[in-house]
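S.K.: Just a sequence and a predicted model for now, questions to come.
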Amino acid sequence: MDFSVVVEYFPRLLSGAWVSLQLVFLSVVLGGAFALPIALARISPVAWIRAIPFTYIFFFRGTPLLVQIFLVYYGASQFDAVRESIFWPILKEPFWCAIIAFTLNTSAYTAEIFRGAIQAIPEGEVEACKVVGMSKAQMYRRVLLPRAFGIVLPAYGNEIILMLKGSALASTITILDLTGMARTIIARTYTPIEIFLAAGGIYLAISIVVIALFRQIELRQNRYLGTLSIKVPDKG
């Protein structure tokens, strides 16, 4: 194996990694913003309100991400109304089509993570909020959402890692992300093992950073749990 080609083309792989990071960051931020209201609607006591997010989540969790990317990128251009709308300058760009598909996909998964975290909060804490006279908005803002955030961190970190790996599919619509750049380099150098090993190493390095970051956030957010241990008196 000739790893000199990796050294030569490593800056290009890093430029592709930067595109991947942009895709993941924007998708996760937008997906998280959409996921919270979806999760709140998902636990609504009104049946028809619950049905809407359930259908949304069912579709995006039940279909492959690649299909969703193709539907946005190739499907939107099939409609004259879309091509003549103010959204066409965005929808004709592969980068923004990938952002839209990734955002819709991760918001569905994240909404279920948020829903599970909110419903995992002990009922006693909810009752305590009601006893002190908090309104529903105050209860969510001051107690439930901060508690849910602490619960959700491990699973949310995993979702970001999955989103990072899923971002490799952006290369299927001509985006030169890390995988797309690797494929372009391989087409020139005919060194698939070396280049894909280097690309895999970069993905792994990014994953390690994300895991370490969320670990620190989790320790900080849930630091109070270490003070809740109950000391049992010594029987002796």
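M.R.: Cool, got the structure.

S.K.: contacts and neighbour counts: CA atoms only from here.
M.R.: Will do.

S.K.: low pLDDT regions in this protein?
M.R.: 222-236 (pLDDT under 70).

S.K.: And the strands in it, which stretches?
M.R.: Taking DSSP state E as the criterion, the chain carries no strands.

S.K.: What ranges does the protein have for its helices?
M.R.: Here the chain has its helices, by DSSP state H, at 4-42, 47-62, 65-70, 80-83, 88-91, 94-119, 123-131, 136-139, 145-166, 178-189, 192-221.

S.K.: what's the most buried one of those helices?
M.R.: Counting by mean count of other CA atoms under 10 Å, helix 94-119 has the highest mean neighbour count of the helices of the chain, with a mean of 23.

S.K.: so what secondary structure elements neighbour it?
M.R.: When contacts are defined as 3 or more CA pairs under 8 Å, 6 or more residues apart in numbering; DSSP states H and E, helix 94-119 sits against helix 4-42, helix 47-62, helix 65-70, helix 88-91, helix 145-166.

S.K.: For Ala111, find the nearest of those.
M.R.: helix 4-42 (4.3 Å; CA to CA).

S.K.: quick revisit: let's have the helices and strands packed on helix 94-119 in JSON lines, adding distance to Glu218.
M.R.: Listed next are those as JSON lines, based on distance: least, CA to CA, whole Å:
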{"stretch": "helix 4-42", "distance to Glu218": "17"}
{"stretch": "helix 47-62", "distance to Glu218": "26"}
{"stretch": "helix 65-70", "distance to Glu218": "28"}
{"stretch": "helix 88-91", "distance to Glu218": "36"}
{"stretch": "helix 145-166", "distance to Glu218": "6"}
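
S.K.: nearest to Ala101, of those?
M.R.: Across those, closest to Ala101 is helix 65-70 (CA to CA), at 5.3 Å.

S.K.: Show me what that closest one packs onto, helices and strands only.
M.R.: helix 94-119.

S.K.: circling back: for Leu176, find the nearest of the helices and strands packed on helix 94-119.
M.R.: Of all the helices and strands packed on helix 94-119, helix 4-42 comes closest under CA to CA, at 5.9 Å.

S.K.: the inter-axis angle of the closest one versus helix 178-189?
M.R.: Orientation of helix 4-42 against helix 178-189 (axes from the mean of the first three to the mean of the last three CA atoms, to 10 degrees) gives an angle of 160 degrees.

S.K.: So which elements touch helix 4-42?
M.R.: Using 3+ CA pairs under 8 Å, 6+ apart, helix 4-42 sits against helix 47-62, helix 94-119, helix 145-166, helix 178-189, helix 192-221.

S.K.: Export the shortest one to CSV, keeping only CA atoms.
M.R.: Read it as helix 178-189. Provided in CSV are the C-alpha atoms of helix 178-189 (Å, rounded to 0.1, in the frame of the first residue of the first chain):
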residue,chain,number,x,y,z
LEU,A,178,-15.6,13.5,3.2
THR,A,179,-16.9,10.4,1.4
GLY,A,180,-17.5,12.3,-1.9
MET,A,181,-14.1,13.8,-1.8
ALA,A,182,-12.6,10.3,-1.0
ARG,A,183,-14.4,8.8,-4.0
THR,A,184,-13.1,11.7,-6.3
ILE,A,185,-9.5,11.1,-5.1
ILE,A,186,-9.8,7.3,-5.6
ALA,A,187,-11.0,7.9,-9.2
ARG,A,188,-7.8,9.8,-9.9
THR,A,189,-5.3,7.7,-7.9
